[in-house]
Every structure is written in structure tokens, then in C-alpha cells.
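Peer 1: give me a 3D structure for the following:
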Amino acid sequence: MRTERAASRRPDIAVVERPLEGDKSGNPLSYPVFRALWIATIVSNVGTWMHDVGAGWLMTSLSPSPLLVALVQTATTLPMFLLALPAGALADIVDRRRMLLSAQLLGLCAALTLAILTAWGLVSPGILLATTFLLGMAAALSAPVFQAIVPELVGRQALPDAIALNSLGVNISRAVGPALGGIIVALAGIPAVFALNALSVLGVLAVLFIWKRPSTVHTLPPEHFFGALKAGYRYTRHSPAMRLVLVRAVGFFLFGSALWAMLPLIARHGLGLDAAGYGVLLGCMGAGAVAGAILLKRVRTRVSANPLSVAATLLFALSTLALALSTHAWVAGPVLFMAGLGWIGMLTSLNLAAHMASPGWVKARALAVYLLTFQGAMTCGSVLWGMLASGTSVATALVIAGVGQACAAVIAIRWRLPRGSAADLAPSHHWAEPVVSVQPDDDRGPVMIEIEYHVEPARLAEFVTALRRFKSVRQRDGAIRWDVWEDMAEPGRVVETFVVESWVEHQRQHARVTRADQLDQEILLKYQLGGRQPVVRHLLRPS
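Peer 2: Down below sits the predicted model:
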């Protein structure tokens, strides 16, 4: 049996072969590709919001059923629920530029088809839902990739501001798109909105065609698709920080979906507005989100994340209740402005927490699970509130949703968003490389890792309690089983064991260990007698 020795080579690392062009000031807009893609994405998102206005308004003309109107929102969000995790896995193992190009071409074809069919008067509720679903598929395939490529487009100093700019861009489009869509529907008709949505994709396609993505070098073979899926699921399941984000997301978005799903009916039948008026209402909400995004940076310096998220949730809940009771557009507009403030406050808090909880090797997949949870809650909520409104009334559905969301805010007592800076999830590369007499094949497995500790018997219970905290770390990074054993013949001798599926998967574990894990391990080593290092053994099942 052999212990580990110092690594002779670094674990799996993606090496960018060309430096990024941009200044060193931390301004993400100084990087040409990021700047061009950010502007093009805002234009594309404006087109998407214009489509949402046109689709929601068209469905109220094709059918008066609240359920069918709510299903437009479902068709938009369901693809994210179905495809987010597969898209995240693909984003971590395939060429991200080509994946984005394929997804954007799908969106272009779907938008163009809907525009042509609408102009010819051939659209039915089913066709509208089907093409909206295809547009949602394009968005679902693109979203994790857009999240994952940001570190490739800007330097490390500019990364936080780049993430904030992306959120601001989304809300700029939310403020402009609905109002512009409503005006275009009123002046040129619904087919024009769908055609402009198709045109809006061309800018993103042009930037992606021009972008020369730097090549990368990996020292380990790429993950297989299903293995990558399992790794992403395993990480989110065993990461307490990610589980916290997902619980809070369900609690907010399940009830928050009611306002989005019912807004077309409130505008048309409750307030008697035309398409332009509906667009203005959505624009009020987008304007509130933009204002909130600008104010949040200052507010976060004075208020920690958890109280801020609770305040945002309660503000959105109160806005939902107020909208249910609104009978005039001049009241609904300010109410939706406040709803936008609450929405962006909670959305930004959750987005930041999700980024902080996911290291680079699994970031696309972890964020995909977050997006899946987000859109899944929105999808289920849209169906739920549509059915409830069909059986009662739109106002009743909104009142119940508002009350439910206010009550759901109490989960912040147990599932608190983190205060201050997050744990350092950068790779530490502090694990020594295993010593083996013969290098095993990459697919050889399973592999059992034994780590032998020697501690003072009087401190054994305290040590085992500290060691058990590593169970989630081992499972998060690839272990399929974990246990701890005490030697009955030698007091104070403790053996930690965990099993991984293959030799290459254990090598990936070496690359996944973070600096935060290293700090925790140093605390654990303080229990070792005489400053001894633990003895590590690697056991393979005989072939």
C-alpha cells in the first residue's frame, strides 16, 4: 500500500492560448467581444419581450380561456425546465461557440415561421404554443452557455461587473421591449412584432460568427454527456449552498409566476387596455427592475443579503395583492413599478448566491439546475394560477398568490442567504498525486480511497464530528459512497473511506478540490498526533 506524493503535474486545467484584449481597469465593456455580445444580447432580449407581448395578446384574441393564456407563459418556461441541465452539461463538454450558434439559429427559424404564419392568418392556439415552445428551447439551450462564457470574455478583475452588467442588460430590455412591442402591435400588427423578433437574433449570430474563441488544452479526457449530467446533479444535491439557493428560488418563483401569467388578462379585461397599454404596463415593471438594479449596489453595502431578499419578496407579494385590487391603469403602472423593484431585488440576490455557490468546473451545470428550478417553478405556477383563475377569477388567483408568497418568506429564517464574501471555490491543487506501481486505465474502477488518521483518543468524538462534515465534500466532487471507521484494536486510529466510479473520476476529484476545502482540511489536520500526515491508499477492484 502506498501513500500519495507531491503532484508531478497539475490536475485538469483549461488553458487559454491567447490573452484577452481589454484594459486592466476592471471595466468589462473594454473587452470588444463582451461589449459587442452584450449590446447584441440586449437587442435580442428586446425582441423576445416584444414576442411575449405579441404572443400573450394574440392568444387573448384566439381564445378567451385563462388557461390557454397562461399556457403561453408555460410554453416559454417549460423548455428551460426540460433542457436546462442537459444544456449545462453540454456547455461544459462541447465547443460553446458552436452550441450558441446552433441555439440562436433555432430561435431565428422559429420566430420567422411564426411571423409568416401569423401574417397569412394561419395561426391557431396550438401553433402559437408550439412555436413559442421552440423559442423557449432556443433560450434554454443558450442560457447556461451565456452564463459560462463570461469568464472567457473578460479578465478576472472585470468578472463581477460583467455579471452585474448582464443583469442590467436583461432589465433594460425588459423596460424597453414590452412597451415597444405594444406600440408596434398597435401600429403595425402582431406579425410585425414576430418578424422584428427574428431580426433581433441576427446581431447575436453576427458576433458569434466573428468571435474567435481561444482554444483550450485539457490534461484529462473530456467527460461524457451522461457522466457530466450525473456530476452536475451530484454537485447540486450535495452542496448545502446550492440547495439553499434552490429552496429559496422555489419559494419565490412559484408564487411570483401568478403576476406574469395573469397580467395579459388584467390588462385586457380588467383594465380595458389595448396592446400598447399592455406594453406600457410591462414597461413599468421593467423600469422598476432597472431602477432596482441601479440602486442595489448601494443598498447591498448597508443591508446584508438575507434581509434584502425578504424585503424584496414582501414588496413583490404586496404588489401582487395591489394589482389584484387595481381597477385603473394609472394605479396599476406604479404598482408594477414596485413589483419590478421587488423582482430584481430577489432575482439578483439569488443569481449572486448561485454564482458564489458554484466553482468553475461545474458552473454551467450548477447554474443550469438553478435555471431549471426557476423556470420549473414558473411553469408549474403558471398552470396552477391559470387553472385557479378559470375556476374562480383572476383577482382571486392573484390574492391567493400574494398571500402565499408573503407566507413563504418565512423560509428565510431557516434558509438564509450567505452574509459577506463567499467561500473561495477556486481550485487549490493541494492534493498530492497518487503513487502507483502501474498507471491504471482511465476507465478502471471503481476506486476506493482510504485515508488513515491518528488522533488523541480523548478527542476522538470531536474529530469524527469534524470529519463527517467532509461527507458532502467528497460526494459533491464525485464520491458515490462515503463512510468512517474506528479501529477497535488501536484507539485513536480512524479510517475515512470513499468510492468513486473510475480512476479518471478520482483524478477529476483532485482538480475539483477548492481553497475553502483546503482551509477545512488544515483544521482537520490539527487533530493529528505529532503533526503526522494522514496515510492515503488507493484500492482498485481486481480485473
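Peer 1: shaky segments in the stretch 101-250 of the chain?
Peer 2: Scanning the stretch 101-250 of the chain for pLDDT under 70 picks out 156, 160, 164, 215-219.
Peer 1: buried residues in the helix or strand where residue 292 lies?
Peer 2: Here residue 292, judged by DSSP states H and E, is contained in helix 275-300. Using 16 or more other C-beta atoms under 10 Å as the test for burial, helix 275-300 gives 275-293, 296. Placement of C-beta: from N, CA and C, glycine included.
Peer 1: again, but for stretch 254-269
Peer 2: 254-268.
Peer 1: stretch 309-326 too?
Peer 2: 309-313, 315-324, 326.
Peer 1: so what's residue 136 up against?
Peer 2: Contacts for residue 136 were tallied using C-beta atoms under 8 Å, 6 or more residues apart in numbering; they are 75-80.
Peer 1: contacting residues around the residue nearest to residue 268 when sequence neighbours are not counted?
Peer 2: Take residue 268 and drop its neighbours on the chain: the residue closest to it by C-beta to C-beta, 6 or more residues apart in numbering is residue 60, 5.3 Å away. Going by C-beta under 8 Å, 6+ apart, residue 60 touches 69, 264-265, 268.
Peer 1: among these, find me the one that's closest to residue 436.
Peer 2: Using C-beta to C-beta, residue 69 is the member of the contacts of residue 60 that lies nearest residue 436, at 63.0 Å.
Peer 1: tell me the SS of the closest one?
Peer 2: Secondary structure state of residue 69, per DSSP: H, G, I helix; E, B strand; the rest coil, is helix.
Peer 1: just the pLDDT for it.
Peer 2: For residue 69, the model assigns a pLDDT of 80.
Peer 1: please apply the same query to residue 518.
Peer 2: For residue 518, the pLDDT comes out at 85.
Peer 1: remind me which helix or strand it belongs to.
Peer 2: Using DSSP H and E, residue 518 falls within helix 515-525.
Peer 1: check the secondary structure at residue 454 for me.
Peer 2: The local conformation at residue 454, judged by three-state DSSP, is strand.
Peer 1: return the residues in contact with it.
Peer 2: With contacts defined as C-beta under 8 Å, 6+ apart, residue 454 is in contact with 492-494, 528-529, 532.
Peer 1: now the two most distant members of these.
Peer 2: Longest span within these, C-beta to C-beta: 494 and 532, 12.7 Å.
Peer 1: so those two - more neighbours on which side?
Peer 2: Legend: neighbour count by other C-beta atoms under 10 Å for residue 494 and residue 532, higher for residue 494 (20 against 12).
Peer 1: what are the phi and psi values at the more buried one?
Peer 2: phi -120, psi 140 (degrees, to the nearest 10).
Peer 1: quick one: it from residue 454, how far?
Peer 2: 8 Å (C-beta to C-beta, to the nearest Å).
Peer 1: now residue 259
Peer 2: Taken as C-beta to C-beta, the span from residue 259 to residue 454 is 60 Å.
Peer 1: can you check residue 165 too?
Peer 2: Applying C-beta to C-beta to residue 165 and residue 454 gives a distance of 52 Å.
Peer 1: quick revisit: take the contacts of residue 136 and write them to JSON lines, including neighbour count.
Peer 2: What follows is those, written out as JSON lines (neighbours: other C-beta atoms under 10 Å):
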{"residue": "75", "neighbour count": "22"}
{"residue": "76", "neighbour count": "26"}
{"residue": "77", "neighbour count": "27"}
{"residue": "78", "neighbour count": "24"}
{"residue": "79", "neighbour count": "22"}
{"residue": "80", "neighbour count": "25"}
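Peer 1: sort out for me which of the residues you listed are in helices.
Peer 2: Among the contacts of residue 136, the residues falling in helices (DSSP state H) are 75-80.
Peer 1: from these, which is closest to residue 361?
Peer 2: Nearest to residue 361, judged by C-beta to C-beta, of these is residue 80 at 22.7 Å.
Peer 1: give me the nearest residue to that closest one, chain neighbours excluded.
Peer 2: Excluding its sequence neighbours, the residue lying closest to residue 80 (C-beta to C-beta, 6+ apart) is residue 375, at 3.3 Å.
Peer 1: who's the closest spatial neighbour of residue 99, skipping the chain neighbours?
Peer 2: Distance criterion C-beta to C-beta, 6+ apart; nearest residue to residue 99, sequence neighbours excluded, is residue 145 at 5.5 Å.
Peer 1: what helix or strand is the one you found on?
Peer 2: helix 125-153.
Peer 1: any idea of the mean pLDDT in stretch 374-392?
Peer 2: Across stretch 374-392, pLDDT averages out at 87.
Peer 1: shift numbering so it begins at 53
Peer 2: Sounds good: first residue 53 from here, last item stretch 426-444.
Peer 1: chain center to that stretch, what's the gap?
Peer 2: 21 Å (C-alpha atoms, centre = their mean, to the nearest Å).
Peer 1: that stretch: which residues count as buried?
Peer 2: By neighbour count on 16+ other C-beta under 10 Å, the buried set for stretch 426-444 is 426-438, 440-442.
Peer 1: how many neighbours does the closest residue to residue 190 other than its chain neighbours have?
Peer 2: Spatial nearest neighbour of residue 190, chain neighbours left out: residue 159 (3.3 Å); criterion: C-beta to C-beta, 6+ apart. Using other C-beta under 10 Å as the criterion, residue 159 is surrounded by 27 other residues.
Peer 1: do you know how far residue 159 is from residue 87?
Peer 2: Distance from residue 159 to residue 87, by C-beta to C-beta: 22 Å.
Peer 1: in PDB, list the C-alpha atoms belonging to stretch 504-516.
Peer 2: Extracted C-alpha coordinates of stretch 504-516, given in PDB (Å, rounded to 0.1, in the frame of the first residue of the first chain):
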ATOM      1  CA  GLU A 504      -5.900   6.900   7.800                       C
ATOM      2  CA  TYR A 505      -5.900   9.400  10.700                       C
ATOM      3  CA  HIS A 506      -4.300   9.000  14.100                       C
ATOM      4  CA  VAL A 507      -5.800  11.300  16.800                       C
ATOM      5  CA  GLU A 508      -5.800  11.600  20.600                       C
ATOM      6  CA  PRO A 509      -8.400   9.100  21.900                       C
ATOM      7  CA  ALA A 510      -9.800  11.700  24.200                       C
ATOM      8  CA  ARG A 511     -10.600  13.900  21.200                       C
ATOM      9  CA  LEU A 512     -11.900  11.100  19.000                       C
ATOM     10  CA  ALA A 513     -15.600  12.100  19.200                       C
ATOM     11  CA  GLU A 514     -14.700  15.800  18.400                       C
ATOM     12  CA  PHE A 515     -12.600  14.700  15.400                       C
ATOM     13  CA  VAL A 516     -15.200  12.300  14.000                       C
END
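Peer 1: average pLDDT for it?
Peer 2: Mean per-residue pLDDT for stretch 504-516: 91.
Peer 1: immediately after the helix or strand containing residue 143, which helix or strand?
Peer 2: Element membership for residue 143, per DSSP H and E: helix 118-145. Once helix 118-145 ends, the next helix or strand along the chain (criterion: DSSP H and E) is helix 148-171.
Peer 1: can you give me how far that next one is from the chain middle?
Peer 2: 23 Å.
Peer 1: alpha carbons only: can I get stretch 436-456 in CSV?
Peer 2: Output of stretch 436-456 as CSV, limited to C-alpha atoms (Å, rounded to 0.1, in the frame of the first residue of the first chain):
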residue,chain,number,x,y,z
LEU,A,436,-51.7,26.4,-11.2
TRP,A,437,-52.8,30.0,-11.3
GLY,A,438,-54.4,29.6,-14.7
MET,A,439,-56.5,26.7,-13.5
LEU,A,440,-57.4,28.6,-10.3
ALA,A,441,-58.4,31.7,-12.3
SER,A,442,-60.5,29.6,-14.6
GLY,A,443,-62.4,28.1,-11.6
THR,A,444,-62.7,31.3,-9.7
SER,A,445,-61.4,34.7,-11.0
VAL,A,446,-58.1,36.3,-12.0
ALA,A,447,-58.3,38.6,-8.9
THR,A,448,-58.8,35.6,-6.6
ALA,A,449,-55.8,33.8,-8.0
LEU,A,450,-53.6,36.9,-7.6
VAL,A,451,-54.8,37.4,-4.0
ILE,A,452,-54.0,33.8,-3.0
ALA,A,453,-50.6,34.0,-4.8
GLY,A,454,-49.7,37.3,-3.0
VAL,A,455,-50.7,35.9,0.4
GLY,A,456,-48.8,32.6,-0.3
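Peer 1: no further queries at this time; thank you.
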